[in-house]
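In: Provided below for reference: sequence and predicted model.
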Amino acid sequence: MDIDKKTIAGAAAAVAVGVAGAVAYTALKGGAAKKERPPQGQGKRRGEAPPAPTGPVNLNHATPHDLMSLKHIGKARAKRILHARPFKSVDDLVNRGLVPAEVLAPVRDRLTI
């Protein structure tokens, strides 16, 4: 079976027209420009953090997000604090080398055991 250049060119042209037609149809229909999502409930949105705690943060029961709501407590420090539980006092953070005294001083009033 011999395939000549005209047959290959014709097939390529047909495919190109088909693709261009599908793209044009999708654009006219609005499928590519506008993606509709089904309505969702009033749950949390993806990437949205839960609200920060309003009262004191209990070191022995706090979530990582609760700890990260404190100034200068990031993901790494929060993780170290969680793994070092339980605590007997707020000063255990400094005594165990988890948080420097300079970081603990401004947030000490927001922490409890």
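Out: Done, it's in.

In: give me phi/psi at residue 57?
Out: phi -90, psi 120 (degrees, to the nearest 10).

In: state the distance from the spatially closest residue to it that is not a sequence neighbour to residue 5.
Out: Closest residue to residue 57 apart from its sequence neighbours, by CB to CB, 6 or more residues apart in numbering: residue 66 at 5.1 Å. Where C-beta positions appear, they are placed from N, C-alpha and C, glycine not excepted. For residue 66, the distance to residue 5 (CB to CB, to the nearest Å) stands at 71 Å.

In: related to what we said a few turns ago, in which helix or strand does the residue nearest to residue 57 reside?
Out: Element membership of residue 66 [criterion: DSSP states H and E] is helix 64-68.

In: which of residue 66 and residue 5 has more neighbours?
Out: Using other CB atoms under 10 Å, the more surrounded residue of residue 66 and residue 5 is residue 66, with 17 against 7.

In: elements contacting the strand or helix carrying residue 77?
Out: Here residue 77 is covered by helix 75-83, with elements defined by DSSP H and E. Counting contacts by 3 or more CB pairs under 8 Å, 6 or more residues apart in numbering; DSSP states H and E, helix 75-83 packs against helix 64-68.
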